[in-house]
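S.K.: any chance you can model this:
(one chain, ligands or ions: 1)
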Amino acid sequence: MTISLPRGTDLTGRAAAVLAEAAAARATVVLSGHVQPDADALGSTLALAEGLRRRGARVLTTFPDPFTLPASLAWLPGAEGMVPSSAVPASPEVFVSLDAASPGRLGELARLVDGAATSVVVDHHASNPGFGDVRVVDPAAPATVVLVADLLDGLGIALDERLATCLYAGLAADTGSFRFGNTRPDTHDLAARLLATGIDHAAISQRLFDTAPFGWLGLLSVVAGRAVLEADVGAGLVWTWSSTAEAAEHGLPGEQLEALVDVVRSTQEADVACVLKGQDDGSWSVSLRSRGATDVARVAMALGGGGHRAAAGFPSHDDREATVRAVRSLLTGG
Ligand SMILES: [Mn+2]
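M.R.: Below you'll find the predicted structure:
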């Protein structure tokens with residue numbers, strides 16, 4: 001079923017109606033976030049799944065392989081009930097994609113976009129090309145959980161502590177704890193609603209952002225120590241690298257590499273921060289951040305990735321020097 005709507009149609013309302021209808025019919029709904037899900041992808045998935053379950057749907061939550069969650073996210077309510085992609089039907093009545101900027105970000109689950117009778121895409125990436133039958137794609141939304149909160153309202157689901165914990169995790173993560181430019185007045189309105197349910201927001205933030213094994217300090221010192229500043233590239237570039245193997249040397253899981261860019265991007269002399277993260281297969285996963293003057297989503301998209309204006313990423317199969325050269329060239333070439 002493809003639903004095409006004229007411009008300006010209330011897409012959130014339409015999507016809520018489609019989901020409400022599916023729930024009332026006890027339909028099977030499969031929900032997934034992007035590969036290596038972050039707090040927004042996971043919080044969106046778990047909150048919407050719980051809402052649909054309460055409305056009567058048969059709900060399955062999953063995410064693309066590798067099917068492992070970092071300790072910083074595995075505690076989210078409902079995460080324990082997620083199933084590997086191999087355990088979900090290929091042709092469910094409804095498939096919901098959350099926080100995935102493109103079908104490619106769904107890995108092996110991308111086939112459900114066409115395999116499901118109806119696919120619903122909920123996302124806030126500026127680079128989203130538009131896919132799925134029903135699209136709730138709003139680049140102005142600071143997080144996908146904001147769109148999910150609207151859907152839950154549309155479904156008539158009252159927010160409680162369990163739902164609010166999932167939503168707050170995504171909201172705090174994608175707004176940098178309300179520090180990034182994507183934070184709007186209504187972002188704080190939603191945060192207030194979530195806090196009013198009684199969630200322990202300090203504990204949520206500590207688990208998400210301020211908890212790492214002692215080995216993290218050793219890894220950080222090595223990676224920060226080898227950072228290179230190229231102040232004359234574009235509005236300034238600072239870059240460094242690490243790898244899952246190096247993280248392991250410090251007794252850390254690979255996901256610990258994700259937090260490195262948050263330290264590197266504080267460099268005053270560089271508008272763009274770039275961290276190359278070597279993967280188990282020898283390829284690079286590259287994180288880009290802008291302090292405001294550079295559209296790093298444009299850079300990432302040109303190199304086969306995607307993201308937001310101030311935070312984006314791309315994969316690379318080139319060597320380290322060639323990968324940085326490609327970034328440098330896009331930053332200077334305009
Ligand atoms: Mn997001």
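S.K.: can I get the CA coordinates of stretch 196-215 in PDB?
M.R.: Extracted in PDB, the C-alpha atoms of stretch 196-215 (Å, rounded to 0.1, in the frame of the first residue of the first chain):
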ATOM      1  CA  ALA A 196       7.100  15.600  34.700                       C
ATOM      2  CA  THR A 197       6.600  11.900  34.500                       C
ATOM      3  CA  GLY A 198       9.100  11.400  37.200                       C
ATOM      4  CA  ILE A 199      12.100  10.100  35.200                       C
ATOM      5  CA  ASP A 200      15.500  10.300  36.800                       C
ATOM      6  CA  HIS A 201      17.100  12.500  34.100                       C
ATOM      7  CA  ALA A 202      20.400  12.900  36.000                       C
ATOM      8  CA  ALA A 203      20.800   9.100  36.100                       C
ATOM      9  CA  ILE A 204      19.800   8.800  32.500                       C
ATOM     10  CA  SER A 205      22.400  11.400  31.400                       C
ATOM     11  CA  GLN A 206      25.100   9.900  33.600                       C
ATOM     12  CA  ARG A 207      24.600   6.400  32.100                       C
ATOM     13  CA  LEU A 208      24.500   7.800  28.500                       C
ATOM     14  CA  PHE A 209      27.300  10.400  28.600                       C
ATOM     15  CA  ASP A 210      29.400  10.300  31.800                       C
ATOM     16  CA  THR A 211      30.200   6.600  32.300                       C
ATOM     17  CA  ALA A 212      33.300   4.900  30.800                       C
ATOM     18  CA  PRO A 213      35.800   2.300  32.100                       C
ATOM     19  CA  PHE A 214      39.100   3.700  33.400                       C
ATOM     20  CA  GLY A 215      40.800   2.600  30.200                       C
END
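S.K.: name the residues of that stretch that are buried.
M.R.: Under the neighbour-count criterion of 16 or more other Cβ atoms under 10 Å, stretch 196-215 has 197, 199, 201, 204-205, 207-209 buried. No exception for glycine: its C-beta is placed from N, CA and C like everyone else's.
S.K.: model confidence over that stretch, on average?
M.R.: For stretch 196-215, mean pLDDT is 97.
S.K.: strands of this structure, start to end?
M.R.: If DSSP state E is used as the criterion, the strands of the chain fall at 28-33, 58-62, 94-98, 118-123, 134-137, 228-230, 237-243, 272-278, 284-290, 306-307, 311-316.
S.K.: ok, and what's touching the fifth one?
M.R.: For strand 134-137, the surrounding residues in contact (Cβ atoms under 8 Å, 6 or more residues apart in numbering) are 3, 11-12, 14-15, 18, 118-125, 128, 130, 147, 150-151.
S.K.: 6 Å - rerun?
M.R.: With Cβ atoms under 6 Å, 6 or more residues apart in numbering as the test, strand 134-137 has contacts from 3, 11-12, 15, 18, 120-123, 128, 147.
S.K.: by contact count, what packs against the lengthiest helix in the chain?
M.R.: Ranked by number of residues, the top helix in the chain under DSSP state H is helix 39-54. Where contact means 3 or more Cβ pairs under 6 Å, 6 or more residues apart in numbering; DSSP states H and E, helix 39-54 is packed against strand 28-33, strand 58-62, helix 144-154, helix 161-174.
S.K.: output the ones you listed as CSV; include the columns mean neighbour count, distance to the ion and mean pLDDT.
M.R.: Shown next, in CSV, are those (neighbours: other Cβ atoms under 10 Å; distance: least, Cβ to the ion, whole Å; pLDDT from 0 to 100):
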stretch, mean neighbour count, distance to the ion, mean pLDDT
strand 28-33, 27, 9, 98
strand 58-62, 21, 17, 98
helix 144-154, 25, 5, 97
helix 161-174, 25, 5, 98
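S.K.: which ones are touching the residue of the stretch 1-150 of the chain found nearest the ion?
M.R.: Here the residue of the stretch 1-150 of the chain nearest the ion is residue 40; by Cβ to the ion that distance is 3.4 Å. Counting by Cβ under 6 Å, 6+ apart, residue 40 touches 99, 143-145, 170, 173-174.
S.K.: nearest to residue 222, of these?
M.R.: Among the contacts of residue 40, residue 173 lies closest to residue 222 (Cβ to Cβ), at 25.5 Å.
S.K.: poorly predicted segments of this protein, please.
M.R.: Counting by pLDDT under 70, the low-confidence segments of the chain come to 1-10, 334.
S.K.: 50 instead, please
M.R.: Residue ranges of the chain with pLDDT under 50: 1-8.
S.K.: which parts of it sit against the ion?
M.R.: Neighbours of the ion within the chain, by Cβ under 5 Å from the ion: 40, 99, 144, 174.
S.K.: so the second one makes contact with residue 39?
M.R.: Translated: residue 99. No: taking contacts as Cβ atoms under 6 Å, residue 99 lies outside contact range of residue 39: 9.7 Å.
S.K.: can you give me the helices in the stretch 201-334 of the chain?
M.R.: Ranges of helices within the stretch 201-334 of the chain are 201-209, 215-225, 244-249, 260-264, 296-302, 320-333, based on DSSP state H, counting those that start in this stretch.
S.K.: that's all I had, so thanks and see you.
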